[in-house]
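[1] how would this look folded up:
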Amino acid sequence: MQMAVKILSQIRFKHLLLLLLILYVIGNQSLAQKLLSRRINVSFKDKSIEELVKYLQNYEGIGFSYSRNLIQLDKKVSGHFKNTELKTVLDEIFKQSSVMYRYKAGIIILLPKPQNLDNLIITGTIKTIDEGLPVEYVGVQLSSSGKGTITDINGKFSMIIKKEDFNDSLTISSLGYKRASFLASSFTKNAEHVVYLKRRIIKLEELQVKASDYKIYKLGNKSKISFGSIYVDTQGQQTALFIENKKQKAGIISSVSFYLSRKGNVNSPFRLRIYKRKELSSIPGENLLNEVIIAKPNIKGAWFKIDLSQFHIELPRNGFYVAIEGIYPVDYLKENAGFHDVSDKEKGSIPNSISYGQRLGYSKKKGENTWHYSLAHTWFQLKEQNFNVMISAEIQTRK
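    Coordinates of the predicted model:
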């Protein structure tokens, strides 16, 4: 009797799970239909697809997500739409391009169409040469253009290259491993290309250092309380804080820290950037950190520190910028990938949007040192809400 009750309970539980799954799918499809059938007014002439995407984001509140490494958005298009469904507008915009779109949890995801002769998607896997284990978050960059991507948690990467890039070299680098370079065309010939990296052992010369000879200063926004946070999730999007060197001290940048909000996706990686300041425009300029450093914090509601002492980055006398750069997850290309839903799952609500990036905290005090790098390759400041983002740095100087 007890066995029969147990089996019956299991059957009911499975039916309940199936019912919830069906309701979720129906609800998600309903949201997709509602968004794509929304009517908008838009008119454009000889505008790039990227400009149109930004317009729809900023003025129509439509969320987009894409990776520049996988799609081309510079094609110019024209059109005039009055009281037209969003689906019709999107179909017309992407009809003549190499881009396609699909809907997922409130976001329009842009993906490449099947490749042609001028553009190819290259893929590969990065592993350790000793254990044969996948290496996650490895930087993969074309030497000439600097265009690149990173590997996922399984050591795999993919990126789109143009025909003129076929004979360019692809540089593969990661902290703790020796760099490797290959012709980009070698990846087009082998869909299962595997690169094995050797571990790099840094040998330092013996040096007698007295603690009394050096002093550590902490600069930047050192606030202990976060009054809010902003997303940094789209690949290429950056948020930077100018860190002043008021006393024009000489030394090195020994570490940087970011306050990561518990409201973000705590498992999401991000890239660290450090820049000099341009004298005339005061925007971030020369890159001071040539290594591809991908942080994997896995913390929430706390400061996350990155040690930079091994790189001996000279401290600029006129200050410097520390930036956090969003990374696009390759998981978006997988049909059954899981995401961090911005919804109350306990209440059973259907998610209307998703997030995959960190949220960077900011303090109540407003400042003029926060800058943002847009998808249009431009540094800008938010005039109305110039958040004082919580980024700090430690510098080491001689006494």
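
[2] gap between the residue nearest in space to the middle of the chain and Thr128?
    Compute the mean C-alpha point of the chain, and by C-alpha atoms, centre = their mean the closest residue is Ile327, 1.7 Å away. Applying C-beta to C-beta, to the nearest Å, the value for Ile327 to Thr128 is 21 Å. C-beta coordinates here come from the backbone N, C-alpha and C atoms, glycine included.

[3] flag the shaky bits of the stretch 1-150 of the chain, pLDDT-wise.
    Low-confidence segments of the stretch 1-150 of the chain (pLDDT under 70): 1-33, 68-70, 105-106, 114-119.

[4] ranges for the strands of it?
    Secondary structure of the stretch 1-150 of the chain (DSSP state E, counting those that start in this stretch): strands at 39-48, 63-65, 76-85, 99-104, 107-112, 119-128, 139-142, 148-150.

[5] CA atoms only: put the fourth one into PDB for me.
    Meaning strand 99-104. Output of strand 99-104 as PDB, limited to C-alpha atoms (Å, rounded to 0.1, in the frame of the first residue of the first chain):
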ATOM      1  CA  VAL A  99      22.200  38.800 -39.200                       C
ATOM      2  CA  MET A 100      19.200  36.900 -37.900                       C
ATOM      3  CA  TYR A 101      17.300  37.300 -34.600                       C
ATOM      4  CA  ARG A 102      15.400  35.200 -32.100                       C
ATOM      5  CA  TYR A 103      13.500  36.000 -28.900                       C
ATOM      6  CA  LYS A 104      14.500  34.700 -25.400                       C
END
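
[6] quick one, domains of this protein?
    Domain ranges of the chain: 39-112, 119-197, 213-398, per automatic domain parsing.

[7] so for Ile324, what's the pLDDT?
    pLDDT recorded at Ile324 is 92.

[8] residues in contact with Ile395?
    Residues near Ile395 by C-beta atoms under 8 Å, 6 or more residues apart in numbering: Ile216, Tyr217, Leu219, Asn245, Lys249, Gly251, Ile252, Ile253, Ser254, Leu315.

[9] just the buried members of those?
    Taking 16 or more other C-beta atoms under 10 Å as the criterion, what is buried in those is Leu219, Asn245, Gly251, Ile252, Ile253, Ser254, Leu315.

[10] which ones among the residues you listed lie within helices?
    Judged by DSSP state H, these include no members of helices.

[11] JSON lines for the residues you listed, including pLDDT and distance to Val232?
    Listed next are the buried ones among the contacts of Ile395 as JSON lines, based on pLDDT from 0 to 100; distance: C-beta to C-beta, whole Å:
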{"residue": "Leu219", "pLDDT": "92", "distance to Val232": "21"}
{"residue": "Asn245", "pLDDT": "89", "distance to Val232": "25"}
{"residue": "Gly251", "pLDDT": "91", "distance to Val232": "28"}
{"residue": "Ile252", "pLDDT": "92", "distance to Val232": "26"}
{"residue": "Ile253", "pLDDT": "94", "distance to Val232": "21"}
{"residue": "Ser254", "pLDDT": "93", "distance to Val232": "23"}
{"residue": "Leu315", "pLDDT": "92", "distance to Val232": "25"}
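
[12] ok, which pair from these is furthest apart?
    Asn245 and Ser254 (13.8 Å; C-beta to C-beta).

[13] the stretch 51-200 of the chain: helices as residue ranges?
    Along the stretch 51-200 of the chain, counting by DSSP state H, counting those that start in this stretch, helices occupy 86-95, 185-189.
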